[in-house]
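Colleague: sequence first, predicted model second:
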Amino acid sequence: MNQNLAFADYAVFIIYFIVVSVYGYTVYRKRKQDEHDAKAYFLAEGNLTWWAIGASLIASNISAEQFIGMSGEGFFLGIAVAAYEWLAAVALIIVAVWFIPVYLKNKIYTMPQFLKTRYNESTALIMAVFWLFLYVFVNLTSILYLGAVAINKLAGGEYLHVIMLGLAIFALFISLGGMKVVAYTDVIQVAVLIIGGLVTSYIALTTVAEAFGVGQNAIAGFKVLMQQAPEHFKMIIPKPTATSSQLEIDKYLTFPGLLSYAAGIWIINLNYWGCNQYITQRALGADLQTARTGILFAGMLKLLMPLIVMLPGIAAYVLYTSGHLPQLEGGVKDEAYSAILTFLPTGLKGLSVAALTAAIVASLAGKVNSISTIYTLDVHKKYIQKNAGEKQQVNIGRLAVFVAMLLAVLFTWNDVLGIGGVGGFTYIQKYTGFISPGVFAMFFLGMFWKRTTGTAAIVGVILGFLLSVLFNEYAPALFGNDTLLYTAYHNGKGAFEIPFHICMGLSFLFTMIAMILISFAGPKVNPKAFEIDSEMFKVKPQTTVLIVITLLIIAALYVKFW
């Protein structure tokens, strides 16, 4: 159980690094010969295959906050956190069938462009600036910090800044080649992260089985988990009562039972997968059928993710509470995944580090590519250098990639933003959740209700943020332990708190009402509304089969763990 990496582990990691680098450079050289325009650099000019789109979506999505953060939530909550992944598969179906046709028919390449085309310049500029700040100071920083901390712990705990720089430079190397290089290297990245993640989960289960004297069988280890921590295998967290412990209250505040499914988790997933440049960019350059198949392929891969990112956390909980995991000092949940990796034999530990690195680098590369796309196409070309040619746009995009990564490194160097203080997964959910209700309401009504006006959109995104602040920070103090608001006392904060899923649902509800009323006060005919017809939403038989299979698997999982 030596925590430090051995020579064989470094060898495995170096092989992974060489393979990804050589393949990425090969794709770049081919792209450089065949494609010379900005659209090719930012969107791969429609040349991505369905499997590249699907793999890239997953590689960009599964990063340090999943490996470290969701594994930590598995340690703390259990299988309930799998709802983020399994309902993401349903959200991807919704995006593939209803959202992507709207984007592609109206030739949308960036999310700010959607807002400008559907609403007005002001809305597009406001959101472009917001997304740039969010992507750099929340997403990039958290991915870089969490990833560096996790790998540093395995490498001996003395190389945090070196690892941080290494991850940033590796991601820069990939992302400077454009979207096509990012997407196709993501195919290797997702293969490495799935194989390495499954190996880690397998070793975790066999370790549990051995620790409890039932052999070295993974299935036996899983049965031990269910016996030792039955509360960790319930999808629904019960609402606290007057006699509930602080731990039970904290769990409910993180995932408030059935109310999570009423709105909050759907807003998170639909906003993330359907209204997010970082994600949708992979499909925006493809034809409809290729984009749909790629997105549905990603949905099926999402079904595997809890096995990779959550199960090691539950195994860490059982081993820790039974005294078999002394490496997990103080039971800090975000250290659960790294602690489990210490059980891996030499060589396999290197594979798991490669998997973690693949997830981090793929997400960093995808994120900075989206930052560069939004900045170049929606800010620089429109407001700074309107006559920028194709080559200039590509150079500006590359400069934006470098600046964004530099800022992320500077702000994570000494954990300036306090990411480590609140936990990685909580950090991301907390700060993106304040804006998600307003953004999703603005996109949803903009797509499917022709009467929605630009004024309603601006009011919606601002009101959604203000309501989120109100419900998260001020409403609990005003109403106390009010059953209507489902508040619970949080001793750690010394105050009442409303679960953030419920805050998101309330913010979304009132934002939608306000936007609808404002739109009714506007013109009945909106010339900027998108044309939508039933034909664009029809799916082919093979697509229907994929959707049905995915939904049946999700239904079976919920029946099993309800």
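Modeller: On my side now, so go ahead.

Colleague: from here on, contacts and neighbour counts on C-alpha atoms
Modeller: OK.

Colleague: pull out the buried positions in stretch 518-528.
Modeller: Ile518, Ser519, Gly522, Asn526, Lys528 (16 or more other C-alpha atoms under 10 Å).

Colleague: no no, stretch 240-257
Modeller: Under the neighbour-count criterion of 16+ other C-alpha under 10 Å, stretch 240-257 has Pro240, Glu248, Ile249, Asp250, Lys251, Tyr252, Leu253, Thr254, Phe255, Pro256, Gly257 buried.

Colleague: next, the distance between the ends of it.
Modeller: Distance between the two ends of stretch 240-257: 10 Å, counting by C-alpha to C-alpha, to the nearest Å.

Colleague: now swap in stretch 106-120 and tell me
Modeller: Start and end residues of stretch 106-120 are separated by 15 Å (C-alpha to C-alpha).

Colleague: and for it, what's in contact with it?
Modeller: By C-alpha atoms under 8 Å, 6 or more residues apart in numbering, the surrounding residues in contact with stretch 106-120 are 43, 103, 121-125, 127-128, 275-277, 281, 284-285, 373-374, 378, 446, 453-454, 457, 528-530.

Colleague: tell me which element Lys524 falls in.
Modeller: Remark: Lys524 resides in no helix or strand, with elements defined by DSSP states H and E.

Colleague: residues contacting Gly54?
Modeller: Here Gly54 is in contact with Thr293, Gly294, Ile295, Leu296, Phe297, Ala298 (criterion: C-alpha under 8 Å, 6+ apart).

Colleague: compare these and tell me which is most surrounded.
Modeller: Ile295 (32 neighbours; other C-alpha atoms under 10 Å).

Colleague: ok, residues contacting the host helix or strand of it?
Modeller: Assessed by DSSP H and E, Ile295 sits inside helix 288-302. Residues from elsewhere that reach helix 288-302 (C-alpha under 8 Å, 6+ apart): 49-55, 57-58, 85-86, 88-90, 92-93, 95-97, 100-101, 104, 283-284, 543, 546-547, 550.

Colleague: now, which of those lie within helices?
Modeller: 50-55, 57-58, 85-86, 88-90, 92-93, 100-101, 104, 283-284, 543, 546-547, 550 (DSSP state H).

Colleague: quick one: low-confidence residue ranges for this structure.
Modeller: 1-4, 31-47, 64-65, 156-157, 177-180, 278, 285, 329-331, 414-431, 476-495 (pLDDT under 70).

Colleague: ok, the residue nearest in space to the middle of it to Gly438 distance?
Modeller: In the chain, the C-alpha nearest the mean C-alpha coordinate belongs to Asn61, at 4.4 Å (C-alpha atoms, centre = their mean). Applying C-alpha to C-alpha, the value for Asn61 to Gly438 is 22 Å.

Colleague: run through the strands of the stretch 51-200 of the chain in chain order.
Modeller: Counting by DSSP state E, counting those that start in this stretch, the stretch 51-200 of the chain has no strands at all.

Colleague: so how far is the helix holding Ile295 off the chain centroid?
Modeller: Remark: helix 288-302 is offset 16 Å from the chain centroid, using C-alpha atoms, centre = their mean, to the nearest Å.

Colleague: keeping just the C-alphas, turn that helix into PDB.
Modeller: What follows is helix 288-302 as a C-alpha-only set of coordinates in PDB (Å, rounded to 0.1, in the frame of the first residue of the first chain):
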ATOM      1  CA  LEU A 288     -28.200  16.500 -37.400                       C
ATOM      2  CA  GLN A 289     -28.000  12.700 -37.500                       C
ATOM      3  CA  THR A 290     -24.300  12.600 -36.600                       C
ATOM      4  CA  ALA A 291     -24.800  15.100 -33.800                       C
ATOM      5  CA  ARG A 292     -27.800  13.200 -32.400                       C
ATOM      6  CA  THR A 293     -26.000   9.800 -32.500                       C
ATOM      7  CA  GLY A 294     -22.900  11.300 -30.800                       C
ATOM      8  CA  ILE A 295     -24.900  12.800 -28.000                       C
ATOM      9  CA  LEU A 296     -26.900   9.600 -27.500                       C
ATOM     10  CA  PHE A 297     -23.600   7.700 -27.400                       C
ATOM     11  CA  ALA A 298     -22.400  10.100 -24.700                       C
ATOM     12  CA  GLY A 299     -25.700   9.400 -22.800                       C
ATOM     13  CA  MET A 300     -25.000   5.700 -22.800                       C
ATOM     14  CA  LEU A 301     -21.500   6.200 -21.600                       C
ATOM     15  CA  LYS A 302     -22.900   8.400 -18.700                       C
END
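
Colleague: and the end-to-end length of stretch 236-248?
Modeller: End-to-end for stretch 236-248, by C-alpha to C-alpha: 12 Å.

Colleague: how distant is it from the center of its chain?
Modeller: 28 Å.

Colleague: gap between the residue lying closest to Ala404 once chain neighbours are set aside and Ile268?
Modeller: Closest residue to Ala404 apart from its sequence neighbours, by C-alpha to C-alpha, 6 or more residues apart in numbering: Val136 at 6.2 Å. According to C-alpha to C-alpha, Val136 and Ile268 sit 19 Å apart.

Colleague: over to Ile68?
Modeller: 19 Å.

Colleague: can you tell me the helix or strand for Phe496?
Modeller: strand 495-497.

Colleague: before we move on, back to that, so the residue nearest to the centre of the chain sits against Ala365, correct?
Modeller: No. Counting by C-alpha atoms under 8 Å, Asn61 sits too far from Ala365 to count as a contact (11.3 Å).

Colleague: chain center to stretch 310-322: distance?
Modeller: Mean-position distance between stretch 310-322 and its chain equals 23 Å (C-alpha atoms, centre = their mean).

Colleague: that older thread, out of the buried residues of stretch 518-528, the closest to Ile195 would be?
Modeller: Of all those, Lys528 has the smallest distance to Ile195: 47.0 Å, by C-alpha to C-alpha.

Colleague: next secondary structure after the longest helix seen in the chain?
Modeller: Identified as the longest helix of the chain according to DSSP H is helix 179-211. Next along the chain after helix 179-211, taking DSSP H and E as the criterion, comes helix 218-228.

Colleague: what does that following helix contact?
Modeller: Contacts for helix 218-228 (C-alpha under 8 Å, 6+ apart): 202-203, 205-210, 212, 214, 232-233, 314-315, 318.

Colleague: between helix 179-211 and it, find me the angle.
Modeller: Interaxial angle of helix 218-228 relative to helix 179-211 (axes from the mean of the first three to the mean of the last three C-alpha atoms, to 10 degrees): 70 degrees.

Colleague: roughly how far does Ile513 sit from Arg118?
Modeller: Taking C-alpha to C-alpha, one finds Ile513 at 19 Å from Arg118.

Colleague: higher neighbour count, these two?
Modeller: Between Ile513 and Arg118, counting by other C-alpha under 10 Å, Arg118 is the more crowded of the two (25 against 13).

Colleague: so how many other residues sit close to Lys19?
Modeller: Not quite, residue 19 is Val, not Lys. The number of residues packed near Val19 is 13, by other C-alpha under 10 Å.

Colleague: that older thread, okay, the angle between the helix holding Ile295 and helix 179-211?
Modeller: Going by the same axes, to 10 degrees, helix 288-302 makes 20 degrees with helix 179-211.

Colleague: just checking, next helix/strand downstream of helix 288-302?
Modeller: In N-to-C order, the element after helix 288-302 by DSSP H and E is helix 305-309.

Colleague: which strands and helices lie in contact with that next one?
Modeller: Counting contacts by 3 or more C-alpha pairs under 8 Å, 6 or more residues apart in numbering; DSSP states H and E, helix 305-309 is packed against helix 179-211.

Colleague: could I get the buried residue list for the helix it packs on?
Modeller: 179-190, 192-211.
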